[in-house]
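> Only the shape, not the letters, is given here:
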């Protein structure tokens, strides 16, 4: 199953089960094609962001900074679950998009089945390890006597019990998008998000479960999303409405390298981002629990532009991969550049809001004066890196969609490993607490220069003409 398609794909390989909209992928105007696949994913990302913020918002209404600090301590570990969803979900989606572009739909069932069961096994292993080492992990993250009990409660429900449904919902949503079903992928994630928003105030305030209630609401919402995707794909496969398959008979290790080599970049992205978040939490802990709580709020607010850019990435990846496999490089480049423009404009708008209304935004989560003041300052600093983060994301995910595993992996390692971690450590040493928060914008600026250089070099190799496609 080659990563790069033959130069003359033959239509006779087409499977009757593949109902992908070829008009959308091949002929529709670029803005229409990108909007059709990206808007549902952006909407689902926004709902996901809201339900991720809901825990912080409702717990913040208790006006207890130690509870907020506990949620912030668990954030890097919960975020790292994306590692599994990206490794097998985005990796599998990239391979599937290129198979569809090369008219090799019959192979899709093997890739999708492998991605699903690899995700399931990895999620189970993650849950087992987190259960066995939860206390050492939390203490290593910087939990104090004031936060350890709250952090343990949240960790158990969201990470230990929630690992499997969380990674399954992330992985299957990516696979559905690769088959052109962005709307259905979004509905599944949105259903879970809406349930979480409904359950949070009931569990936290009415049942007086506080942090445990927030965690339980998140767990149930992820179970709902995972169940929706599994039932949908089983029913569709029986009715031959999709080329995707969850049948264990189609599981094969033959596609392991193709999936993992592409997904490794996104997985590394997640792991290194988690390390970066952990580093910030750990370094902030030396300044007290209040900075950790302020940082936790800022990371939740930061999710708005990041989630929008992720929605664009997940929406335009199938288009890029399909047209790359079909050798329609002119259209592929136009799709990429249009996505960049949209992401950049939206992120700049978010930066403006962060600077103009920083105190009001942080004040939505907590009114405790010291946390509010620090959170507003942190938000203004952190927002400066968002536009560069968005473009770096789009370049990296675009390269994955084309099957450029090594350049994408290298860019992730340089951006989040070399630049982000080293800048965080150095600026903490030189500038203290504010240096820790300032590290990411500086690291993103350095990374952007390299990302653009790599992208332009690869595009020149494809002999892509400078004109835009319509």
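Yep, that arrived. All figures in this text were calculated on a predicted structure; none of them were measured in a lab.

> which residues of the chain score low on pLDDT?
Scanning the chain for pLDDT under 70 picks out 1-21, 48, 51-52, 238-240, 463-470.

> Mind naming the longest helix for it?
Scanning the chain for the helix with the most residues, using DSSP state H, yields helix 289-325.

> need the next SSE after that one, C-terminal direction.
For helix 289-325, the following helix or strand on the C-terminal side (DSSP states H and E) is helix 329-356.

> so that next one versus helix 289-325, what angle?
Interaxial angle of helix 329-356 relative to helix 289-325 (axes from the mean of the first three to the mean of the last three CA atoms, to 10 degrees): 160 degrees.

> Now residue 287, what are its backbone angles?
Geometry field for residue 287 lists phi and psi as phi -100, psi 0, criterion degrees, to the nearest 10.

> Report the contact partners of the closest residue to it other than its chain neighbours.
If the residues on either side of it in the chain are set aside, residue 287 comes closest to residue 433, at 4.9 Å by CB to CB, 6 or more residues apart in numbering. Placement of C-beta: from N, CA and C, glycine included. Residue 433 makes contact with 284, 287, 291 under the criterion CB atoms under 8 Å, 6 or more residues apart in numbering.

> In this structure residue 24 contacts residue 36, no?
Yes: distance between residue 24 and residue 36: 5.9 Å, which falls inside the contact criterion (CB atoms under 8 Å).

> mind listing the helices for the stretch 101-250 of the chain?
In chain order, the stretch 101-250 of the chain shows helices spanning 108-132, 134-141, 148-155, 163-178, 182-201, 210-238, with DSSP state H, counting those that start in this stretch as the criterion.

> Which secondary structure elements does the fifth one sit against?
It stands for helix 182-201. For helix 182-201, the helices and strands in contact under the criterion 3 or more CB pairs under 8 Å, 6 or more residues apart in numbering; DSSP states H and E are helix 30-60, helix 163-178, helix 210-238.

> The ones you listed: which one's closest to residue 145?
helix 210-238 (15.6 Å; CB to CB).

> and the helix or strand just after that closest one with helix 108-132, angle?
Beyond helix 210-238 on the C-terminal side, the first helix or strand identified by DSSP H and E is helix 256-285. Put simply, helix 256-285 runs at 30 degrees to helix 108-132, going by the same axes, to 10 degrees.

> by how many degrees do helix 256-285 and helix 163-178 diverge?
Using the same axes, to 10 degrees: helix 256-285 against helix 163-178 is 120 degrees.

> mind listing what's buried in helix 256-285?
Residues of helix 256-285 classed as buried by neighbour count (16 or more other CB atoms under 10 Å): 258-285.

> Over to stretch 99-118?
Residues of stretch 99-118 classed as buried: 99-105, 107-116, 118 (neighbour count, 16+ other CB under 10 Å).

> That one: how far from the chain's middle?
For stretch 99-118, the distance from its own C-alpha centre to the chain's C-alpha centre is 22 Å (CA atoms, centre = their mean, to the nearest Å).

> just the helices in the stretch 351-470 of the chain please.
Counting by DSSP H, counting those that start in this stretch, one finds helices in the stretch 351-470 of the chain at the ranges 358-363, 369-383, 386-402, 405-412, 422-431, 433-461.

> and the residue nearest to residue 402 when sequence neighbours are not counted, what does it touch?
For residue 402, ignoring the flanking residues on the chain, the nearest one in space by CB to CB, 6+ apart is residue 324 at 4.5 Å. Taking CB under 8 Å, 6+ apart, we find residue 324 in contact with 98, 101, 332, 401-403.

> filter those residues to the buried ones?
98, 101, 332, 401-403.

> how about the residues you listed in TSV, adding distance to residue 76?
Output for the buried ones among the contacts of residue 324, formatted as TSV (distance: CB to CB, whole Å):
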residue	distance to residue 76
98	32
101	36
332	35
401	27
402	30
403	30
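
> Which single one of those is nearest to residue 31?
Out of these, the member with the shortest distance to residue 31 (by CB to CB) is residue 332, at 15.0 Å.

> Run through the residues that contact the closest one.
If you count contacts by CB under 8 Å, 6+ apart, residue 332 has them with 319-320, 323-324, 402, 464.

> out of the helices and strands packed on helix 182-201, nearest to residue 458?
With CB to CB as the measure, helix 30-60 is the member of these nearest residue 458 (19.9 Å).

> tell me what the closest one is packed against?
Helices and strands touching helix 30-60, by 3+ CB pairs under 8 Å, 6+ apart, are helix 22-26, helix 65-79, helix 163-178, helix 182-201, helix 210-238, helix 289-325, helix 329-356.

> Could you tell me which residues within the fifth one count as buried?
Taking 16+ other CB under 10 Å as the basis for neighbour counts, the residues of helix 210-238 that come out buried are 210-230, 232-233, 236-237.

> pretty sure residue 85 is touching residue 116, no?
No: under the contact definition of CB under 8 Å, residue 85 does not touch residue 116, with a separation of 11.4 Å.

> between these two, what contacts are shared?
residue 171.

> Tell me which of the helices and strands packed on helix 182-201 lies nearest to residue 366.
Proximity to residue 366 (CB to CB) singles out helix 30-60 among the helices and strands packed on helix 182-201, at 4.3 Å.

> coming back round to it: pick the one among the buried ones among the contacts of residue 324 closest to residue 343.
Among those, and counting by CB to CB, the member closest to residue 343 is residue 401, at 14.9 Å.

> In contact with the closest one, which residues are there?
When the contact criterion is CB under 8 Å, 6+ apart, the partners of residue 401 are 94, 97, 316-318, 320-321, 324.

> and the gap between it and residue 394?
Remark: distance between residue 401 and residue 394 (CB to CB, to the nearest Å) = 10 Å.

> hey, what's in contact with both of the two?
residue 316.

> Could you count how many residues lie near the closest residue in space to residue 72 that isn't next to it in sequence?
If the residues on either side of it in the chain are set aside, residue 72 comes closest to residue 296, at 2.7 Å by CB to CB, 6+ apart. Counted with other CB atoms under 10 Å, the burial measure for residue 296 works out to 28 neighbours.
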